[in-house]
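J.: Give me coordinates for this.
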Amino acid sequence: MVLQDRMIKMDYSEYQGKTVLVTGGAGCVGSNLTRKLSELAEKVIILDNLSSAYEWNIPIADNVQFVEGDILNDEELKRVFKEQPDMVFHLAAHFANQNSVDNPEKDLMVNGIGILKVLQYAQLVGVDRFVYSSSGCGVYGLESQMPFKEHDISINLHTPYQVTKLLGELYTNYFHNLYNLPIVNARFFNVFGPGEVPGKYRNVIPNFFYWSMNGQPLPITGNGNETRDWTFVEDIVNGLLSMGVVEEAVGEAINLGSGIDHKVGDMAEIVNKLTGNKAGIKYTPRRNWDAKTCLLSSINKAKDILGYKPKMGFEDGLTRTHQWFTNNWNNIQDSAEF
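T.: The predicted structure is shown next:
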């Protein structure tokens, strides 16, 4: 396929001479995306309020500018959009499900009003591309058929986070339809890898590594047979980079996953093996909002439009994540908030 060949051979020369804004650029996806963009673009601007990320995690490069600021603050948005970014990757978010259940109003402010503000500024300066980080774990419901295909979204959702991630897509589509803003909605599936610091509201894999390296049993909510479509962060970044330049992606929602599901119990066993943790696993009741026992993406659309092809195997990705934890253990110990 021509598009797949383009992906393999693509040197992303379209980024040369461009200024790129990455909101939420200090997080896992944002920091890895910024690192790659710093090699491709003229300038990369990060806007992050460090509410769930840390400055030590931001890549250091001469063409990377970090602005500590909030997407709800107009003065800080004016500051970064004064740089006339050519592209915006909107990754900033109130994350994730349990956090939104505990703090639904904040979730709506950040994930609703926040994206609306960023879209308004992007439209005013006339960006060439606006890529939004939606959630494949959010917009598909219990009645959606697996593997989840992009057309099969749901309005029967179970957390405020799922609701506001879908709301973000509705806003990007509105700006595309009314103002012809060139948007792409990226639906992430269970991102993991270097760059995600563990914490109370973080994903299961970084938390499992943290607890395992501290000699604690790994708490599985359920029976361990639940499955997730874990996707290595570098594969996500490659998909995002293509979304930034492939014209056929404009106006589309596209899954970025691995297309392979793994059991939570198997993942926990691998983490304990990598860390040498003898404390094992403990089982706890499922959370009342956690209605989806299995998640699996269809990535056919990403393959067809972007030439997307995940490269990192799951166990190799866990090994890379463990290496990052080992190399950054002191910072992680100081930063982890539970």
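J.: Any idea how many residues pack against the nearest residue to residue 265 once chain neighbours are set aside?
T.: Distances taken as C-beta to C-beta, 6 or more residues apart in numbering place residue 224 nearest to residue 265, at 2.7 Å, with adjacent residues excluded. Where C-beta positions appear, they are placed from N, C-alpha and C, glycine not excepted. Neighbour count for residue 224, taken as other C-beta atoms under 10 Å: 16.
J.: so residue 31 sits right up against residue 25, yeah?
T.: Yes - using C-beta atoms under 8 Å, residue 31 is in contact with residue 25, at 6.6 Å.
J.: Give me the common contacts of these two.
T.: Common contacts of residue 31 and residue 25 (C-beta atoms under 8 Å, 6 or more residues apart in numbering): residue 58.
J.: Comparing the two, which residue is more hemmed in?
T.: Taking other C-beta under 10 Å, residue 31 and residue 25 do not tie; residue 25 has more neighbours (31 against 25).
J.: so what's the more buried one up against?
T.: Contacts of residue 25 (C-beta under 8 Å, 6+ apart): 31, 33-34, 44, 46-48, 58, 66, 91.
J.: Can you list the low-confidence ranges for the protein?
T.: Residues of the chain meeting the criterion pLDDT under 70: 1-11.
J.: before we move on, back to that, from the contacts of residue 25, which ones fall inside helices?
T.: 31, 33-34 (DSSP state H).
J.: And for the longest helix seen in the chain, what's in contact with it?
T.: If each helix of the chain is counted by residues according to DSSP H, the longest one is helix 160-179. Helix 160-179 is contacted by residues 93-97, 99-101, 104, 107-108, 110-112, 115-116, 119, 122-123, 130, 132, 134-135, 137-139, 153, 155, 157, 181-183, 185, 250-251, 253 when judged by C-beta under 8 Å, 6+ apart.
J.: One more pass at 6 Å, please.
T.: Under the criterion C-beta atoms under 6 Å, 6 or more residues apart in numbering, residues 96-97, 100, 104, 107-108, 111-112, 115-116, 119, 123, 132, 134-135, 138-139, 157, 181, 183, 185, 251 lie in contact with helix 160-179.
J.: How about it, which residues are buried there?
T.: 160-169, 171-173, 175-176 (16 or more other C-beta atoms under 10 Å).
J.: repeat for stretch 37-52
T.: 37-38, 40-41, 43-49, 52.
J.: I'd like those residues as JSON lines, with distance to residue 243 appended.
T.: Formatted as JSON lines, the buried residues of stretch 37-52 follow (distance: C-beta to C-beta, whole Å):
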{"residue": "37", "distance to residue 243": "13"}
{"residue": "38", "distance to residue 243": "18"}
{"residue": "40", "distance to residue 243": "14"}
{"residue": "41", "distance to residue 243": "15"}
{"residue": "43", "distance to residue 243": "19"}
{"residue": "44", "distance to residue 243": "16"}
{"residue": "45", "distance to residue 243": "18"}
{"residue": "46", "distance to residue 243": "18"}
{"residue": "47", "distance to residue 243": "19"}
{"residue": "48", "distance to residue 243": "20"}
{"residue": "49", "distance to residue 243": "24"}
{"residue": "52", "distance to residue 243": "23"}
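J.: so who does residue 119 touch?
T.: 171, 175.
J.: Tell me, how many residues neighbour residue 225?
T.: 12.
J.: and residue 277, what does it touch?
T.: If you count contacts by C-beta under 6 Å, 6+ apart, residue 277 has them with residue 212.
J.: Recalculate using a threshold of 7 Å.
T.: Residues near residue 277 by C-beta atoms under 7 Å, 6 or more residues apart in numbering: 212, 215.
J.: Residue 51 versus that one, what's the distance?
T.: Noted for residue 277: a distance of 30 Å to residue 51, by C-beta to C-beta, to the nearest Å.
J.: Check residue 271 too.
T.: Residue 271 is 27 Å from residue 51, by C-beta to C-beta.
J.: quick one, helices of the stretch 151-300 of the chain?
T.: 160-179, 204-213, 233-243, 264-275, 300-306 (DSSP state H, counting those that start in this stretch).
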